[in-house]
Structures are given as C-alpha cells and as structure tokens.
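Trainee: here is my input, please return the structure:
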Amino acid sequence: MATETGIKSYQLLINGQSVPAASGATFDTLSPTTNEPVGRIAKAGIEDVNRAVAAAREAFDHGPWPKMTPAERSKRMHKVADLLRERLEEIARLETLNCGKIIIESRGDVNASANCFDYYANLTGHSWGETIPMNGPLFDYTLRQPVGVCAQIIPWNFPLLMAAWKLGPALATGNTIILKPASATPITALLLGQLCLEAGIPEGVVNVLPGPGAEIGAALAEHPGVDKVAFTGETETGRQIIRLSAGTIKKVSLELGGKSPNIVFPDADLEEAVNGSLFAIFTNAGQRCTARTRLFLHESIHDKFMADFLAKAGKIRVGDPLEDATQMGPVISSRQCQRILSFVERASGEGADLRLGGKRPESDVLKKGNFIEPTIFDQVKNDMTIAQEEVFGPVLSVIPFKDDGEVVEMANNVIYGLAATIWTNDLKRAHRLAASIRAGNVSINYPTVNPPEAPFGGFKQSGIGRELSRHALDLYTEIKNVVINLNDQPFDWYGNWPVGR
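Mentor: I've put the predicted structure just below:
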C-alpha cells in the first residue's frame, strides 16, 4: 500500500499569516488508510478564535473587500479556481491521504471546488435589490448588503468541497470568514486559505482555524463579533449551534443529516437503477449526508433486482484509495468504524437479513486501516434503528413496498428530509412522488448529484436554508430598505401629511 514519508506541519491562518496556536499546541491528523499521521496541525484555542474574529472584523469594517467592485472580487475568485485546477493532482492526493476517499473522487472534488468558485465569481454582481411601488409620494428600494463576519464550520467527508460551498457565496457577496475545518481533515482547507491569499483576496478576509469543534465551534457560535454561523455536520451538533447562537441572535444556516430513500418501481430501467443505486450508497464509503441509505424495492421486482445488485456490490474493489483501480476506500476513523459495526450488530439483532458484508475485510493489507465491506441488509422494517438513524458508512437497508401510498408514507417517516431518488418511466408517477416526498433534493432516474447551479438543503431536521445556486447569496446578505420622500410639500406630522397616508 502506498505510504508517505515525513510529516508536514501546518499552521493556523489568521489575518493573512501562517501562525502557530497561541498555546503552542498541535495535534496529528491521521490517514484513514493506515491510521498513521499525515500532518501535524496547530491546535487553535479560544485566544486564536478571538484573534481570528478581530482580523475578520477589521477586514470587514475597514478593509477593501466589502467595498471592492463586483468585477474585482470576481477576478480574484476566478483566480482561486485557476489555482485549484493547476494544482489538482497535488491537492487531490492530499485529500485522499487525509480523508481516505478514493483518488478518482478526490480529483472530482478538486474540480468541483474550482467550478464552485467560478460559479460564484460569475454571481458577484447579482445581489440585486428591488424597487417597490408605494401608495403615496415616496420612492422605495431595497439593497442587499453582506452580513459581515461569518463563521463556517465544515465536516470531514468533503473537506475541500464543503469549504468551497461555504466560501464561494460568502466571498461573492463581500463577507469575511473564519473557516473551521474538521479536526480529522484540516489540510486542504488550510491550503485553500493560502490559495485565496495567492489569488489576491486581502488579508483577514479568509481565516482558517483547525481545532476541536467542541471548543472552537462553540466559541465561534457564541462570539459577539461573529454575525453568522454556517454549519454542515450531524444533527445534534446543529441543535447545539442554534442554542449557542441564540445569545447574540446570529443568522444561522445548517446542512445536517439525512436518511434518504431510493425508490425503484417495476417500470424502471432496472439495470440503470441497479448501477445508480450502487453509486448512491457506496461512493465515499457511504459517508455522505445525501447517501440513499434506504432502498425501497417494489415487491414484484425485489428478487430480480437484488440478485443483480448483490452480485455487483460483491465485486466492489475495496482497498488503497490512492490506487486508481480502487472503488471504495476506508471510513474516516477507527472510532467511526466501530460505530458503523455497532449498527450492523444491532440491525442483525432486530431481525434484518444481512445479505452482504457487515464486517472488516479479511485482507492483511487492509488491517491497519478503517475498512468496512459494502454491507446490505434485506427485509428491513422502516421502524428499525438501521432505517431511522444515520449510520454514515457503507450500509444499506432494503425495504420492500407494495404501492405508491405505502412507499411515500415510509419515505417520509423519518426525522430527516434531505434527499430522495425515484426510478420510474411513468412520468405522472415521477412528478406525483417528487411533490409528495418531504425532501429538499429529489432526483428522478439519476443518483445523488449536487451541481452548483441547483439549491441544496433539507426539510425537517436536515437543516435550515439552501446552499449552492443563487439561493446561497440570500444566506450571506441582509436586505436593507430605503425610502425617499418625493412630496413637494414639506413634511409636517401635524399638518401636511403625504397624500394617501
């Protein structure tokens, strides 16, 4: 298995400078493939949070970025995209080393991150206001202005791409940022911060603070100098961020968990549905909030579908994520590996039928890493733990259904509402179910995908707000209303009140 020699040290990024933590503390970030260190990271603390917020506050209140013309911001953001593409192989390799996703997916994430920066660079001048007809001699219009200092807390499953999703719209609208990457995967976020500086984004606009979420994330959510918090991660942490931010009434956007249904009807192209369903659950080793973790199969096609699906799932090549031939790598940590296997054990205890996987691979080569075989449970009941709680690993629940009404009811019977997929060639059914399923993202005859042009977010406990698309600009702007008196007569409350009032 490929290994890296030497451990590189990475500093915090505050006010355009790479600096050690105020305490001098560091921590090692590990490769999920080997559980060996791949980087030594400065460990931010409360003093570093205060320094970063002060830098971002100064850059917003007195710096050039919020006042810069949209064309100038756009030019610098396009440069970030260019730098990402120029260094694609290097960055993809770092991403795979640090988070364990296969190298092909990491290359895709780097390219998608560049596309995200390009997309929002093109929208820098699109924060439009409006004029509002008034019932009287008044002229009324609105402005969209940046929120201010934004704390952005991102997860470990898409370290670079989630940073791009957050930074893109915030930068396009003139905000300043403290980016808090997951402790498990800080390397590419720190690199992205450096690329922003290299592209001409001013000092203090993008600050990057790796460190423990319970301390750093909480401090950012409570900090009076922070105007907005954006968080992607698990639902309980999202609840805590809402509680912590309440003291200063911050703007909050959340992208949280999912338990997304993948529904296959008898009239679907079954070969395409099999292949798409494999992608929907096993890419990134199932570590996606949008993973279609509940496969609903119509009872009339259940056996035929499962025969093909199991055969293909059993051939997925699990191994070293740096090798191009690998199709599934490790999960993020040994702790997460044990958590996933505890769900497997519980599912078996509740009566689900384990058809594939459910254990660590037997290969000696993979024993040092956090590998789990593709795992499929059949005859799952929708109220079982495995069908209700987010496992966040390569584990699928297969649930038979009889008709449209039953499957819609089961699909909606979870606390989440992030995504769904429907496989059918019945046009009326496709639109009917898309409207009936309580999810923010529905794909028809296509597995999970999130292009920057389309809004992304969830119903229910899957989050608040919409990332990506022009909708994300709303998350990072405030609406200001301006009214101008056009009446020829002087205003006098006790005399000449404007006509119509």
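Trainee: and residue 215, that's in a helix?
Mentor: Yes - using DSSP: H, G, I helix; E, B strand; the rest coil, the secondary structure at residue 215 is a helix.
Trainee: residue contacts, it?
Mentor: Neighbouring residues of residue 215 by Cβ atoms under 8 Å, 6 or more residues apart in numbering: 45-46. Bear in mind the C-beta positions are built from the backbone N, C-alpha and C, glycine included.
Trainee: next: residue 202.
Mentor: 16, 59, 63-65.
Trainee: sec struct for it, please.
Mentor: Recorded secondary structure, residue 202: coil (three-state DSSP).
Trainee: and the pLDDT at it?
Mentor: pLDDT for residue 202: 98.
Trainee: check residue 296 too.
Mentor: The model reports residue 296 with a pLDDT of 98.
Trainee: I'd assumed residue 409 was in contact with it.
Mentor: No - applying Cβ atoms under 8 Å, one finds residue 296 not in contact with residue 409, separated by 10.9 Å.
Trainee: comparing those two, which shows the higher neighbour count?
Mentor: Comparing residue 296 with residue 409 by neighbour count (other Cβ atoms under 10 Å), the higher total belongs to residue 296, at 26 against 12.
Trainee: which residue is the nearest non-sequential neighbour of that one?
Mentor: residue 263 (4.5 Å; Cβ to Cβ, 6 or more residues apart in numbering).
Trainee: show me what the helix or strand where the one you found lies is packed against.
Mentor: Assigned by DSSP states H and E, residue 263 belongs to strand 261-264. Where contact means 3 or more Cβ pairs under 8 Å, 6 or more residues apart in numbering; DSSP states H and E, strand 261-264 is packed against helix 270-282, strand 294-298, helix 404-412, strand 419-423.
Trainee: show me what counts as buried in the longest one.
Mentor: By that I understand helix 270-282. Within helix 270-282, the residues that qualify as buried are 270, 273-274, 276-278, 280-282, counting by 16 or more other Cβ atoms under 10 Å.
Trainee: same deal with the third one?
Mentor: Neighbour counts using 16+ other Cβ under 10 Å place 404, 407-408, 410-412 of helix 404-412 among the buried residues.
Trainee: now do it, average pLDDT.
Mentor: 98.
Trainee: hang on, the earlier thing: for the strand holding residue 263, which strands pair with it and how are they oriented?
Mentor: strand 294-298 (parallel), strand 419-423 (parallel) (DSSP bridges).
Trainee: the ones you listed: which one's closest to residue 200?
Mentor: Closest of the strands paired with strand 261-264 to residue 200 is strand 419-423, at 36.5 Å (criterion: Cβ to Cβ).
Trainee: specify the angle between the very next helix or strand once past the closest one and helix 404-412 in degrees.
Mentor: Downstream of strand 419-423, the next assigned helix or strand under DSSP H and E is helix 427-436. Relative orientation of helix 427-436 and helix 404-412, computed by axes from the mean of the first three to the mean of the last three Cα atoms, to 10 degrees: 30 degrees.
Trainee: what packs against helix 427-436?
Mentor: Packed next to helix 427-436, using 3+ Cβ pairs under 8 Å, 6+ apart, are helix 404-412, strand 419-423, strand 441-444.
Trainee: dump the ones you listed into a markdown table; add distance to residue 168 as well.
Mentor: A markdown table is the format used below for these (distance: least, Cβ to Cβ, whole Å):
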| stretch | distance to residue 168 |
| --- | --- |
| helix 404-412 | 31 |
| strand 419-423 | 21 |
| strand 441-444 | 18 |
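Trainee: among these, which comes closest to residue 138?
Mentor: strand 441-444 (41.4 Å).
Trainee: report all helices and strands that the closest one contacts.
Mentor: strand 419-423, helix 427-436.
Trainee: which one of those is the most hemmed in?
Mentor: Neighbour counts (mean count of other Cβ atoms under 10 Å) averaged over each of these peak at strand 419-423, with a mean of 28.
Trainee: what sits up against that one?
Mentor: In contact with strand 419-423 (Cβ under 8 Å, 6+ apart) are residues 258, 260-265, 268-269, 272-273, 276-277, 280, 290, 292, 411, 429-430, 433-434, 437, 439-448, 458.
Trainee: report the buried residues of stretch 98-109.
Mentor: For stretch 98-109, using 16+ other Cβ under 10 Å, the buried residues are 98-107, 109.
Trainee: what's the farthest-apart pair in those?
Mentor: 98 and 104, at 16.2 Å, using Cβ to Cβ across those.
Trainee: re the thing from before, can you list the buried residues of helix 404-412 in TSV and add distance to residue 315?
Mentor: Compiled in TSV, the buried residues of helix 404-412 are given as follows (distance: Cβ to Cβ, whole Å):
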residue	distance to residue 315
404	33
407	28
408	33
410	29
411	29
412	34
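Trainee: isn't residue 29 right up against residue 39?
Mentor: Yes - if you go by Cβ under 8 Å, residue 29 and residue 39 touch, sitting 4.7 Å apart.
Trainee: below-threshold pLDDT in the stretch 101-250 of the chain: ranges please.
Mentor: For the stretch 101-250 of the chain, no stretch has pLDDT under 70.
Trainee: which residues of it fall in strands?
Mentor: 131-132, 138-146, 149-153, 176-180, 206-208, 228-232 (DSSP state E, counting those that start in this stretch).
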